[in-house]
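S.K.: When you get a sec, could you give me coordinates for this:
(one chain, ligands or ions: 2)
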Amino acid sequence: MSAASNDSTVTQRLNSRIAKFRDLSPSDRLTRVGEVAGLGQDTVAALRGGGVLPPKVADGMIENVVGTFELPLGVATNFTINGRDYLIPMAVEEPSVVAAASYMARIARDCGGFSTSSTGPVMRAQIQVLSLEDPHGARSRLLSNRERILEAANRKDRVLIELGGGCRDIEVHVFESTPVGPMVVLHILVDVRDAMGANTVNTMAETIAPLVEEITGGEVRLRILSNLADLRLARARVEYTMEALATAEYPGERMASGIVEACALAVIDPYRAATHNKGIMNGIDPLIVATGNDWRAIEAGAHAWAARSGRYTSLSRWEINGAGRLVGTLELPMAVGLVGGATKTHPAARAALELLGVESAQELAEVAAAVGLAQNMAALRALATEGIQRGHMALHARNIAIVAGASGAQIEAVASVLAREHDVRVDRAREVLAGLGKDGQ
Ligand SMILES: CC(C)(COP(=O)([O-])OP(=O)([O-])OC[C@H]1O[C@@H](n2cnc3c(N)ncnc32)[C@H](O)[C@@H]1OP(=O)([O-])[O-])[C@@H](O)C(=O)NCCC(=O)NCCSC(=O)C[C@@](C)(O)CC(=O)[O-]
Ligand SMILES: NC(=O)C1=CN([C@@H]2O[C@H](COP(=O)(O)OP(=O)(O)OC[C@H]3O[C@@H](n4cnc5c(N)ncnc54)[C@H](OP(=O)(O)O)[C@@H]3O)[C@@H](O)[C@H]2O)C=CC1
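M.R.: Ligands and ions are numbered 1, 2, ... in the order given. Model prediction:
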């Protein structure tokens, strides 16, 4: 099921194609984004950053707080997902990520954009039962007490039940032989609605532990969610025509076959798959961070899913279909929330969610999958043709210029020399800087 509509008559909240966005100053970009998305002054101020997280709030979020830590917040443009335009907030330290996502989204929008779907927001928690003489008998007793277990779990969280969520089902996994004897692991499957759901399901798991001991006659140890959120999947698909892929240097067919060949290596080889999937997470993590979600949970879920067959592989697939179009697909667990965690406490996370305009956690999950697929495509496109260094290092050159001591107009001036010379090194940056005035001339 898709959280956002596939209907081409879908109402447009905004137009994500903002001409010459990259050429504006950060302040003018923010003003444009505020206008395009119809954001209020408080939201715009929260996106601007610079001390928007009050020390008292930060102190309430984690322990031993001494300050706050800032990252650049970029906005990826051009995204069309299920016929609707989105501006994507991305908090990330790595150059070229936001540019790459925007670029692939620009090409995709001319080919119909991204299509997404997702399963319901169902999380698992595990309850480990030890000291069992008859693990299969314990399994059978747990399954026949399914209704009692569901009822006990659901008694705990009235708000979630009223919202249409709650514990839906159980599974029982038997491990006959482990280093600590036989083990039964009860899974509770919980629809957590718009929460990431960790606290929700952990509370349920702890609540029903005494009942599980009563039913099994064993001893409960762990009661914790699984980050392999395999019942909470988000999927994205994109199709590119050969004309859309073509550049002055490469025909579309060459580009497409190069991308398919690059993906084939990631499918069969874990060494490549790790890097390929890192490229996908380059797109997803910055959105997860910007919206105040738990990026460790998303990373854990993605890589566990990639290894679910016992062999670590690519999260995405790229192929050429019968109509001669390049088709990319991505499917991965996506445990994200619009409530809970820092999503409501951090002012910038609230503002990022408002900019996105997503109405459910499922919609956010689908947007994240689309951004991951765009990012994957950008990296493969570069790798399959000119290599990663030209585009990436040209943007990284600005970082190197700053490391060399450049400021203001000097940054762009030094970076452009490094990029032109294909020599992005700090010592060269220092030499270039020494020859410049304060105005970068
Ligand atoms: C970097 C580009 C996009 C340049 O590509 P280009 O051909 O120089 O770009 P362009 O100047 O022709 O611009 C095309 C569009 O890109 C965007 N764009 C372009 N430049 C900017 C900019 N400065 N600021 C904002 N947006 C920018 C922008 O949308 C622009 O369209 P416009 O809106 O202007 O009509 C391209 O070379 C690319 O996509 N490279 C891949 C970059 C990448 O993957 N970076 C991730 C870091 S590397 C890594 O960690 C992962 C990896 C690679 O190992 C994963 C793997 O192995 O699979
Ligand atoms: N392994 C892991 O990944 C772990 C992660 N965590 C952390 O847990 C946090 C996320 O837990 P989570 O359970 O999402 O957070 P919360 O417990 O903060 O939020 C969930 C609660 O919000 C209330 N709620 C209000 N509106 C909604 C809605 N529309 N949909 C769903 N629930 C709603 C519900 O009931 P009510 O109002 O009654 O509370 C629900 O139980 C993150 O900070 C994560 O880092 C924690 C432990 C382990």
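
S.K.: near ligand 2, which residues of this protein show up?
M.R.: 157, 159-160, 163, 165, 192-200, 202, 225, 227, 294, 297, 337, 339-341 (CB under 6 Å from any ligand atom). The C-beta positions use only the backbone N, C-alpha and C, and glycine is treated the same way.

S.K.: Would you agree residue 372 is in contact with residue 332?
M.R.: Yes. Shown here, residue 372 and residue 332 form a contact pair, counting by CB atoms under 8 Å, at 7.3 Å.

S.K.: Please enumerate the shared neighbours of these two.
M.R.: 280, 315 (CB atoms under 8 Å, 6 or more residues apart in numbering).

S.K.: Tell me which helix or strand comes right after the worst-scoring helix or strand of the chain on mean pLDDT.
M.R.: Considering only helices and strands, the least confidently modelled element of the chain by mean pLDDT, DSSP states H and E is helix 389-403, at a mean of 86. If you walk from helix 389-403 toward the C-terminus, the next helix or strand you reach (DSSP states H and E) is helix 409-421.

S.K.: Going by contacts, tell me the helices and strands next to that next one.
M.R.: Where contact means 3 or more CB pairs under 8 Å, 6 or more residues apart in numbering; DSSP states H and E, helix 409-421 is packed against helix 389-403, helix 426-434.

S.K.: Any chance you could list what contacts the shortest one?
M.R.: Among residues not part of helix 426-434, those counted as contacts by CB under 8 Å, 6+ apart are 397, 400-401, 403-406, 410, 413-414, 417-418, 421.

S.K.: Can you name the residue of this structure nearest to ligand 1?
M.R.: residue 391 (1.9 Å; CB to the nearest ligand atom).

S.K.: buried set for stretch 158-165?
M.R.: Neighbour-count burial for stretch 158-165, with 16 or more other CB atoms under 10 Å as criterion, is recorded at 160, 165.

S.K.: try stretch 19-38
M.R.: So, applying 16+ other CB under 10 Å, buried residues of stretch 19-38: 21, 29, 30, 32, 33, 34, 36, 37.

S.K.: And for stretch 56-74?
M.R.: Neighbour-count burial for stretch 56-74, with 16+ other CB under 10 Å as criterion, is recorded at 58, 73, 74.

S.K.: Strands - which of these land there?
M.R.: With strands defined by DSSP state E, the entries of the buried residues of stretch 56-74 inside them are 73, 74.

S.K.: Would you tell me which one of the buried residues of stretch 56-74 comes nearest to ligand 2?
M.R.: For ligand 2, the nearest member of the buried residues of stretch 56-74 is residue 58. The distance, counting by CB to the nearest ligand atom, is 14.5 Å.

S.K.: Packed most tightly, which of the helices and strands packed on helix 409-421 would that be?
M.R.: Scoring the helices and strands packed on helix 409-421 by mean neighbour count under mean count of other CB atoms under 10 Å gives helix 389-403 as the most buried, with a mean of 19.

S.K.: Just give me how far it sits from the chain centre.
M.R.: Going by CA atoms, centre = their mean, to the nearest Å, the spacing between the C-alpha centre of helix 389-403 and its chain's C-alpha centre is 24 Å.

S.K.: pLDDT score for residue 12?
M.R.: Per-residue confidence at residue 12 stands at 87 (pLDDT).

S.K.: which residue sits closest to it, ignoring its sequence neighbours?
M.R.: Spatially, and ignoring its direct neighbours in sequence, residue 12 is nearest to residue 85 (5.9 Å; CB to CB, 6 or more residues apart in numbering).

S.K.: give me the beta-bridge partners of the one you found?
M.R.: For residue 85, the beta-bridge assignment (DSSP bridges) gives partners residue 80.

S.K.: What is the burial count for it?
M.R.: Neighbour count of residue 85, defined by other CB atoms under 10 Å: 22.

S.K.: just checking, it touches residue 15?
M.R.: Yes. Here residue 85 lies in contact with residue 15, judged by CB under 8 Å, at a distance of 5.7 Å.

S.K.: any idea how far residue 47 is from residue 360?
M.R.: Between residue 360 and residue 47 the distance, using CB to CB, to the nearest Å, works out to 22 Å.

S.K.: more neighbours, these two?
M.R.: Higher neighbour count among residue 360 and residue 47: residue 47, with 23 against 15, using other CB under 10 Å.

S.K.: Now do the residue of the chain found nearest ligand 2, the pLDDT please.
M.R.: Residue nearest to ligand 2 within the chain (CB to the nearest ligand atom): residue 340, separated by 2.4 Å. Residue 340 is assigned a pLDDT of 86 by the prediction.

S.K.: got the phi/psi numbers for it?
M.R.: Main-chain torsions, residue 340, degrees, to the nearest 10: phi 80, psi 170.

S.K.: Please apply the same query to residue 309.
M.R.: Backbone phi and psi, for residue 309 under degrees, to the nearest 10, turn out to be phi -80, psi 0.

S.K.: give the contact list for residue 150.
M.R.: Neighbour list for residue 150: 167, 168, 169, 170 [criterion: CB under 8 Å, 6+ apart].

S.K.: Is the third one within a helix or a strand, and which one?
M.R.: With elements delineated by DSSP H and E, residue 169 resides in strand 166-175, which encompasses its position.

S.K.: Okay, buried residues for that strand please.
M.R.: Residues of strand 166-175 classed as buried by neighbour count (16+ other CB under 10 Å): 166, 167, 170, 172.
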